[in-house]
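> Model the structure of this input:
(one chain, ligands or ions: 3)
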Amino acid sequence: MKKFPTHNKKLTDWVNKMARLCKPDDIVWIDGSEEQKKQLEIEAISAQELILLNQEKLPGCVLHRTALDDVARTEHLTYICTKKKRDAGPNNNWMSPAAAYKKAKAIFDKAMRGRTMYVIPFSMGPVGSPFSKIGVEITDSRYVVLNMMIMTRAGEAALRQLEKQDHFTKCLHSKAELDINKRLILHFPEDNTIWSVGSGYGGNALLGKKCLSLRIASFIARKERWLAEHMLIMGIEEPNGHIEYIAAAFPSACGKTNLAMLLPPEGLKVKGYRIWTVGDDIAWMRVDSDGTLWAVNPEAGFFGVAVGTNSQANPNMIETIKKNTIYTNVLLKKDGTVWWEGADGDVPEEGIDWRGEPWKKGILDAKGKPVSAAHPNSRFTTPIANSPTASFRIEQHHGVPISAIVFGGRRQHLAPLVYEAFNWQHGVFVGATMASERTAAQVGQLGEVRRDPMAMLPFCGYNMAYYFKHWLDMGKRMAKPPKIFHVNWFRMDESGKFLWPGFRENLRVLEWILDRCNNKVDAVRTPIGYLPHPSDIDLTGLDLPQGALEKLLQIRPKDWLEELKGVNKFFKEFKKCLPKELWDEYEKLSNRLKVNE
Ligand code: GTP
Ligand code: SPV
Ligand code: MN
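Ligands and ions are numbered 1, 2, ... in the order given. Predicted structure coming up:
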């Protein structure tokens, strides 16, 4: 391979400049070929960055262990660096671009000494689609390269596209010392640039993912009048062959991947539904000339949560991750296969845990707590094309039309199983007031309820007050905006058990959502929105305890009024910038609740 396979001056100048800063021993351009991938794998295995798994049982699969304090996104070290602080908003950590570059430069300085610098041209979205964006990631991590080769369209074709359009997102990454005290994930939306240093974890280091496709893309999308969202995209094929597409935003580790790949439940089999996965994490959506909303998934792979994945919850994923998959922070079994809490089969007798320590069934730590085999945020990286549910429209430059937008989160008590917003503006309010209990996907206190508007709190690359305004404007531009819904698979009974079985059974709720979109059923008007008549949720073949559905659909105005206090506090953080329409919706909801109290 030629040393510099491009004549694009912007690109070569930038690569040279970054090389002068990081001082790598060598520079290698990623062409995306199978041979290059194999070569990198061999090198990574001999450098002990990867472990080759049992190739008979798991062909093309490898295992990686991160540093112990590098297992999830570090939101407190993630910054939006705009000239004006107000443009980043109260929802983001802010640093001035000058201060941020200076601080990071000191860490990047000579960080790649003794290492190879890889240059990865990549396309988010099908190469050549007018909706796709080109990025180039520079990294000193082979693990990052191999992940990017799955998660994006990386290599030669993306480079040729870059040369045609001559602009790209500059993404610089170095593991440096993998020191959490010298870790920064910096976004410079005004320079179309990302600098990430000191972490090797997915969302911190695979810069095409959250950094480009959400933080930078959301900033661009506002200017170009489209939406970059933390949403899955799925197609629901009806027995007559017609496919309806929905997009759904749930916070990290709240069920996007599982829903996007759903296998219809036994009880609904006779109805003949089939699910097609377009994406499990990110949606780029725009209004087309027909006045409706269309979506593409910018990614080419899944970076999915391992813990809890099994053939009961997500059989399609179990098929998907049997080959060409990178596993991160799971248990290594004696036979060279892997395991995690909630995986298929018996708990293994022994193995090497995600920390690289010997592990035995039932082993307890010094405090008497079970030692986890896999980290709760352990993940696998696998091509979407591996999935039996991969949609035939993934590569289509135009994407898919969206009939419904679904918001959701983890709420033990408050939110009902499903409800529908009265209209687009109310739907934006529903999204803007979302909250969820914290999961292991980000560092912090598990279980704590935090407001997470549109599941975008950690990912919106600018002031969320402007983002809400942008959402409101998008609705006005559509002749037929999708209907907006809210779901909660996580409501619990008094004893702390989930009231709803979730997973495959969620199709029953999607069925109601589509029926509403197609005006097939009416609904109950409540203070918070339209709720289903219990008889309109098809429970055929589902053994739901007596009264459970009623509990799942219950609304307690008192609890909602309490919730509004948190919303009020959150909205006030945006001061005068918050769109008036959201305060209007707030007042209207508050009044409706008081009448019903
Ligand atoms: P990110 O990749 O972090 O954005 O997460 P995600 O939104 O794709 O979440 P994912 O589908 O990986 O699910 C995360 C966790 O939620 C897993 O542990 C699942 O077992 C659990 N989960 C998913 N769907 C359901 C459901 O319907 N009910 C219940 N109770 N748990 C679920
Ligand atoms: C999430 O945390 O929402 C993920 C994983 O999808 S990460 O790539 O780390 O962001
Ligand atoms: Mn995610």
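
> and Asp280, how many neighbours?
Neighbour count for Asp280, taken as other C-beta atoms under 10 Å: 25. C-beta here means a position set from N, CA and C on the backbone, and glycine is covered the same way.

> now do Ile275
For Ile275, the neighbour count with other C-beta under 10 Å is 22.

> close enough to count as contact, it and Leu232?
No: using C-beta atoms under 8 Å, Ile275 makes no contact with Leu232, being 11.0 Å away.

> Find residues that contact each of those two.
Ala260 (C-beta atoms under 8 Å, 6 or more residues apart in numbering).

> Please name the residues that touch the residue in the stretch 401-550 of the chain positioned nearest to ligand 1.
In the stretch 401-550 of the chain, the residue found nearest to ligand 1 is Gly502; the distance is 2.4 Å by C-beta to the nearest ligand atom. Listed by C-beta under 8 Å, 6+ apart, the contact partners of Gly502 are 255, 489-490.

> From those residues, which land in helices?
Counting by DSSP state H, none of the members of the contacts of Gly502 fall within helices.

> Up against ligand 3, what does the stretch 151-300 of the chain have?
Counting by C-beta under 5 Å from the ion, the stretch 151-300 of the chain comes close to ligand 3 at 252, 281.

> Can you tell me which of the contacts of Gly502 has the most neighbours?
With neighbours set by other C-beta under 10 Å, the maximum within these is found at Trp489, which has 25 neighbours.

> Over to whichever residue of the chain sits closest to ligand 2. Which of the three states is it?
For the chain and ligand 2, the shortest gap (C-beta to the nearest ligand atom) falls at Gly203, measuring 2.4 Å. Put simply, Gly203 is helix when judged by DSSP: H, G, I helix; E, B strand; the rest coil.

> Wait, it touches Lys210, no?
Yes: taking C-beta under 8 Å as the definition, Gly203 is a contact partner of Lys210 at 4.6 Å.

> shared neighbours of these two, anything?
Arg73.

> one step back: okay, the residue of the stretch 401-550 of the chain closest to ligand 1: pLDDT?
Gly502 is assigned 97 on the pLDDT scale.

> Now do the host helix or strand of Lys594: distance to the chain's middle.
Using DSSP states H and E, Lys594 sits within helix 580-596. In this view, helix 580-596 has its centroid 31 Å away from the chain centroid, taken as C-alpha atoms, centre = their mean, to the nearest Å.

> For the closest residue to Pro358 other than its chain neighbours, name its beta-bridge partners.
The spatially closest residue to Pro358, leaving aside those adjacent along the chain, is Ile352, at 6.3 Å (C-beta to C-beta, 6 or more residues apart in numbering). Bridge pairing for Ile352 (DSSP bridges) gives the partners Leu332, Pro358.

> Is it correct that Ile352 is in contact with Trp359?
Yes: under the criterion of C-beta under 8 Å, Ile352 makes contact with Trp359 at 6.4 Å.

> Which neighbours do those two have in common?
Counting by C-beta under 8 Å, 6+ apart, the residues touching both Ile352 and Trp359 are Leu331.

> Let me see the backbone angles for the residue of the stretch 401-550 of the chain closest to ligand 1.
Main-chain dihedrals, Gly502, degrees, to the nearest 10: phi 70, psi -160.

> again with Val62
Torsion angles, degrees, to the nearest 10, at Val62: phi -140, psi 160.

> Now do it against Ser132, distance only.
Val62 sits 28 Å away from Ser132, going by C-beta to C-beta, to the nearest Å.

> so what's the residue of the chain closest to ligand 2 closest to, chain neighbours aside?
Leaving out its chain neighbours, the residue that sits closest to Gly203 by C-beta to C-beta, 6+ apart is Arg73, at 4.1 Å.

> between Ile352 and Trp359, who's got more neighbours?
Trp359 (22 against 17).

> contacting residues for Ser96?
So Ser96 contacts 81, 83, 85 (C-beta under 8 Å, 6+ apart).

> quick one, strands of the stretch 401-550 of the chain?
For the stretch 401-550 of the chain, the strands defined by DSSP state E, counting those that start in this stretch occupy 418-420, 435-437, 449-451, 483-487, 523-525, 530-532.

> With the stretch 101-250 of the chain instead?
Using DSSP E, counting those that start in this stretch, the strands of the stretch 101-250 of the chain run over 116-124, 133-139, 153-154, 169-174, 184-188, 193-197, 227-229, 232-237, 243-249.

> Let me have these in a markdown table, extended by mean pLDDT.
Converted to a markdown table, those look like this (pLDDT from 0 to 100):
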| stretch | mean pLDDT |
| --- | --- |
| strand 116-124 | 98 |
| strand 133-139 | 98 |
| strand 153-154 | 98 |
| strand 169-174 | 98 |
| strand 184-188 | 99 |
| strand 193-197 | 99 |
| strand 227-229 | 98 |
| strand 232-237 | 98 |
| strand 243-249 | 98 |
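
> Tell me which of the ones you listed approaches Asn297 most closely.
Minimum separation from Asn297 across the strands of the stretch 101-250 of the chain (C-beta to C-beta) falls at strand 232-237, 5.6 Å.

> Tell me which strands that closest one pairs with, and in which orientation.
Note on strand 232-237: by DSSP bridges, its sheet partners are strand 243-249 (antiparallel), strand 274-279 (antiparallel).

> Switch these over to JSON lines; also include distance to ligand 1.
Shown next, in JSON lines, are these (distance: least, C-beta to the nearest ligand atom, whole Å):
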{"stretch": "strand 243-249", "distance to ligand 1": "9"}
{"stretch": "strand 274-279", "distance to ligand 1": "10"}
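
> Kindly reformat these as TSV containing distance to Ile45.
Putting the strands paired with strand 232-237 into TSV (distance: least, C-beta to C-beta, whole Å) gives the following:
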stretch	distance to Ile45
strand 243-249	38
strand 274-279	31
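
> Which of these sits closest to Arg153?
The nearest among the strands paired with strand 232-237, by C-beta to C-beta, is strand 274-279 at 13.7 Å.

> can you tell me which residues contact the residue nearest to Ala283 when sequence neighbours are not counted?
Of all residues not flanking Ala283 in the chain, Met231 sits nearest, at 4.0 Å (C-beta to C-beta, 6+ apart). Applying C-beta under 8 Å, 6+ apart to Met231 gives the contacts 247-249, 256, 279, 281-283, 295, 405, 455.

> out of these, which is most surrounded?
Neighbour tally across the contacts of Met231 (other C-beta under 10 Å): the maximum, 30 neighbours, falls on Ile405.
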